[in-house]
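# Structure for the following, please:
(one chain, ligands or ions: 1)
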Amino acid sequence: SSLYRIDGWGAPYFTANPSGNISVRPHGSNTLPHQDIDLLKVVKKVTDPKPLGGLGLNLPVIVRFPDVLKNRLESLQSAFDSAVQSQGYDSHYQGVYPVKCNQDRFIVEDIVNFGSGFRFGLEAGSKPEILLAMSCLCKGNREAFLVCNGFKDVEYISLALLGRKLALNTVIVLEQEEELDLVIDLSRKMNVRPVIGLRAKLRTKHSGHFGATSGEKGKFGLTSRQIVRVVRKLGESGMLDCLQLLHFHIGSQIPSTELLSDGVGEAAQLYCELVRLGAGMKVIDVGGGLGIDYDGSKSGETDLSVGYTLEEYAEAVVGSVRSVCDRRSVKHPVICSESGRAIVSHHSVLIFEVVSASKPMALAHQVNHDDINFLLESEEARDDYEELYAAVMRGDQESCLFYSDKLKQRCVEGFKEGVLSIEQLASVDGLCEWVLKSIGASDPVQTYNVNLSVFTSIPDLWGIDQLFPIVPIHKLDQRPMARGILSDLTCDSDGKIDKFIGGQSSLPLHELDGGGGKYFLGMFLGGAYEEALGGVHNLFGGPSVVRVSQSDGPHSFAVTRAVPGQSSADVLRAVQHEPEIMFQSLKHRAEKVMHTKGGGEDEDDEELNNVVACLDRSFNNMPYLATEQAS
Ligand code: PLP
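Numbering: from 1, shown residues only. From the prediction side, this is the model:
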């Protein structure tokens, strides 16, 4: 398992067990080994047909572990609690989860539920997000924040104000100066005293991919001049006490605590200035950015890893706020963070199947010399062929490459002119491949075709070259004898995975078992952003989803919820087709055609029924390849 660095990126939740399968420890390393959940057993339970005790779902599947979510949330809270205690900080930490990272109902409900003991809240950035956050927080802690970020119109601000009427702790964070007039106006009309925050544009900038939101030219937030104007206007309106929160966001995956402390220190100065100017300041909201270690290197040198732990992150935030406030004799504010990636990334695993692999040529007997006799008929081709033959005899790799290329090129030209047949072309290709393989110059990397859409399930891989750990979830006790890149189902050359963590351009993989044995891969740490950003390219929809918890039963786990992936009808509907009407018109067509065929009545009826049943299944099944026998 060290090949895949599982102990680096997977700890404390994922590990390889003695059977060579990946085990999940949903409560972190505290879990007893006999309570580990074997991912292969989960896949079996999910995919086995119902009569065999399975759930009869198709892959790909997202397996969610709510207990991992709980552990992440509690670890974050306890990291801050420890920092507050050890540094004698005179207030507390009260975080929010930015729902954009994964808006799945059960994830948001879990977070509100697991976090209600420590007032954990939510962050929203759009109208549907504030609606879901408001309704979920009805069951949460009354003091939990509902931080309202993003571009806002009258309706958005009205919803946030309405939230306060419903005794929800909504904070309207001004991202644009223009939003202030709307807030003042609407709060008067609705007779609500708002709690207002403002998002500051910091000068501190992080240089990685995720740092583009920070710095003076960042997309969001108010400049120092705008902040001064906002404070003045609130004062003139008699509402300066409503300004209670300062927010900033340096960017996601903040690489180091040095950069973090620099940004938090700058923001803390701003906070103290707002106190000096008479605002009713209570909270500093340090945004997101708490990173995770995708490649297990803990180096912080690329966007894929960060050079700190949860505890070090919390220490740096608390320390920076404390030292600035102490210097300025300002009361310590409540510290809020909007960590998304760090809370939800670990909680789910995407599992998919390899359906085939390009086969490397066997070394012997594959070039039929009769097939290449034609090469001897042209003087030029014969010369190239003889040079190639001599180079093979000498073991001269460079000349082999040169002459095989030359010979191939010559034959392609012959083919284009119509002189060579496709069989002759194929023979020359076979000859050259054999030569390269026999001198050790052929590409040993195979293409593994996977029953997955990168665009649907790992959109950041395509969009921003983000890498995630991808690992076989079984056979880890056997040495992988091949290397592969992964190619997805879409008709798109970008639908491939040819970069892997650790800077590898191919993945160590096991040879496919010719006897029909299955080969499952897992993509880990993709619980944040990937589901929220995925599309339906080629109309491959969302995977099946199951929730898995520990249980005392024989398998140490129970599937507490199972939802099949989107069907073809579902994805067709998403692009305005009407599957019911489509089905009816295809059925009518079948009736018309089959009843005019002139066969016996009974025969026609049976064929018609088969056609209609096939259509029905095709609309209702998932768009992915059905790798089981057709039912
Ligand atoms: N808050 C804001 C304003 C953001 O823009 C983001 C994401 O970029 C987050 C929070 C979540 O950040 P992360 O996932 O790095 O914790």
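# what residues does the stretch 1-150 of the chain put near the ligand?
98, 101, 149 (C-beta under 6 Å from any ligand atom). (C-beta placed from N, C-alpha, C; glycine too.)
# mind running it again at 8 Å?
Contacts of the stretch 1-150 of the chain with the ligand, taken as C-beta under 8 Å from any ligand atom, map to 98, 100-101, 123, 125, 149.
# With the chain instead?
So the chain meets the ligand at 98, 100-101, 123, 125, 149, 199, 210, 213, 220, 247, 249, 251-254, 287-291, 337-343, 528-529 (C-beta under 8 Å from any ligand atom).
# 5 Å - rerun?
98, 249, 252, 287-289, 338-341 (C-beta under 5 Å from any ligand atom).
# Closest to the centroid, which residue in this protein?
Nearest to the mean C-alpha position of the chain, by C-alpha atoms, centre = their mean, lies residue 530 at 2.9 Å.
# Could you count how many residues lie near the closest residue to the ligand within the stretch 501-631 of the chain?
The ligand sits closest to residue 528 of the stretch 501-631 of the chain, with a gap of 5.8 Å, by C-beta to the nearest ligand atom. A count of nearby residues for residue 528, using other C-beta atoms under 10 Å, gives 26.
# Would you mind confirming that residue 14 is in contact with residue 6?
Yes: with contact defined as C-beta atoms under 8 Å, residue 14 and residue 6 form a contacting pair (6.0 Å).
# Compare these two and say which is more crowded by neighbours.
Legend: neighbour count by other C-beta under 10 Å for residue 14 and residue 6, higher for residue 14 (25 against 19).
# State the distance from that one to residue 327.
To residue 327, residue 14 is 43 Å away according to C-beta to C-beta, to the nearest Å.
# Which strands and helices lie in contact with the helix or strand residue 284 falls within?
Taking DSSP states H and E as the definition, one finds residue 284 inside strand 283-285. Here strand 283-285 touches strand 243-247, helix 257-276, strand 334-336, going by 3 or more C-beta pairs under 8 Å, 6 or more residues apart in numbering; DSSP states H and E.
# contacting residues around that strand?
Contact with strand 283-285 is made by 94, 96, 145, 147, 171, 173, 197, 244-248, 267-268, 271, 321, 333-338, as judged by C-beta atoms under 8 Å, 6 or more residues apart in numbering.
# Strand partners (parallel or antiparallel) of it?
strand 243-247 (parallel), strand 334-336 (parallel) (DSSP bridges).
# before we move on, the earlier item: what do residue 14 and residue 6 both touch?
Here residue 14 and residue 6 share the contacting residues residue 22, scored by C-beta under 8 Å, 6+ apart.
# in this structure, what residue is nearest the ligand?
The nearest approach of the chain to the ligand comes at residue 288, 1.9 Å away (C-beta to the nearest ligand atom).
# my read: that residue touches residue 341, true?
Yes: between residue 288 and residue 341 there is a contact at 6.9 Å, judged by C-beta under 8 Å.
# Settle it for me: which of those two has more neighbours?
Neighbour comparison, residue 288 and residue 341: the larger count goes to residue 288, with 27 against 23 (by other C-beta under 10 Å).
# With respect to burial, which of the strands paired with strand 283-285 scores highest?
Highest mean neighbour count of these: strand 243-247, a mean of 25 (counted as mean count of other C-beta atoms under 10 Å).
# got the angle for that strand vs helix 257-276?
160 degrees (axes from the mean of the first three to the mean of the last three C-alpha atoms, to 10 degrees).
# And strand 243-247, how far out from the chain middle?
31 Å (C-alpha atoms, centre = their mean, to the nearest Å).
# just stretch 11-29 next, same as before
That offset, for stretch 11-29, works out to 20 Å (C-alpha atoms, centre = their mean).
# Extract the residue ranges of the stretch 201-350 of the chain that are flagged as low pLDDT.
Residues of the stretch 201-350 of the chain meeting the criterion pLDDT under 70: 208-218.
# In the protein, where is pLDDT below threshold?
Scanning the chain for pLDDT under 70 picks out 1, 30, 33, 208-218, 360-368, 597-601, 628-631.
# tell me the domain ranges of it?
Domain ranges of the chain: 1-65+344-360+444-526+542-565, 90-339, 369-438, 570-620, per automatic domain parsing.
# In CSV, list the ones you listed along with distance to residue 534.
What follows is those, written out as CSV (distance: least, C-beta to C-beta, whole Å):
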stretch, distance to residue 534
domain 1-65+344-360+444-526+542-565, 4
domain 90-339, 11
domain 369-438, 37
domain 570-620, 12
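# how many neighbours does the closest residue to the residue nearest to the centre of the chain other than its chain neighbours have?
Among residues not flanking residue 530 along the chain, residue 458 sits closest, at 5.8 Å (C-beta to C-beta, 6 or more residues apart in numbering). Residue 458 has 25 neighbours, counted by other C-beta under 10 Å.
# what does residue 576 give?
By the criterion of other C-beta under 10 Å, residue 576 has 6 neighbours.
# Determine the three-state secondary structure at it.
Put simply, residue 576 is coil when judged by DSSP: H, G, I helix; E, B strand; the rest coil.
# Not including adjacent chain positions, what is the nearest residue to residue 63?
Nearest in space to residue 63, with sequence neighbours left out and distances taken as C-beta to C-beta, 6+ apart, is residue 349 at 4.9 Å.
# Tell me what angle the one helix or strand residue 228 maps to forms with helix 257-276.
Secondary structure assigned from DSSP H and E places residue 228 in helix 224-236. Here helix 224-236 runs at an angle of 30 degrees relative to helix 257-276 (the same axes, to 10 degrees).
# Check which helices and strands helix 224-236 sits against.
helix 179-190, strand 196-199, strand 243-247, helix 257-276.
# Swap in 6 Å and give it another go.
Under the contact criterion of 3 or more C-beta pairs under 6 Å, 6 or more residues apart in numbering; DSSP states H and E, helix 224-236 touches no helix or strand at all.
# Can you list phi and psi of the residue nearest to residue 44 when sequence neighbours are not counted for me?
In space, and not counting its chain neighbours, residue 44 is closest to residue 54: 7.0 Å by C-beta to C-beta, 6+ apart. Per-residue torsions, residue 54: phi -90, psi -170 (degrees, to the nearest 10).
# Burial check on residue 54, number of neighbours?
By other C-beta under 10 Å, neighbour count at residue 54 equals 15.
# i'd like the first residue to be 5 from this point on
That works, and once the first residue is 5, the last one we named lands at residue 58.
# Could you double-check that it sits in contact with residue 46?
No: using C-beta atoms under 6 Å, residue 58 is not in contact with residue 46, being 10.8 Å away.
# So residue 124 versus residue 156, what's the distance?
Relative to residue 156, residue 124 is positioned 24 Å away (C-beta to C-beta).
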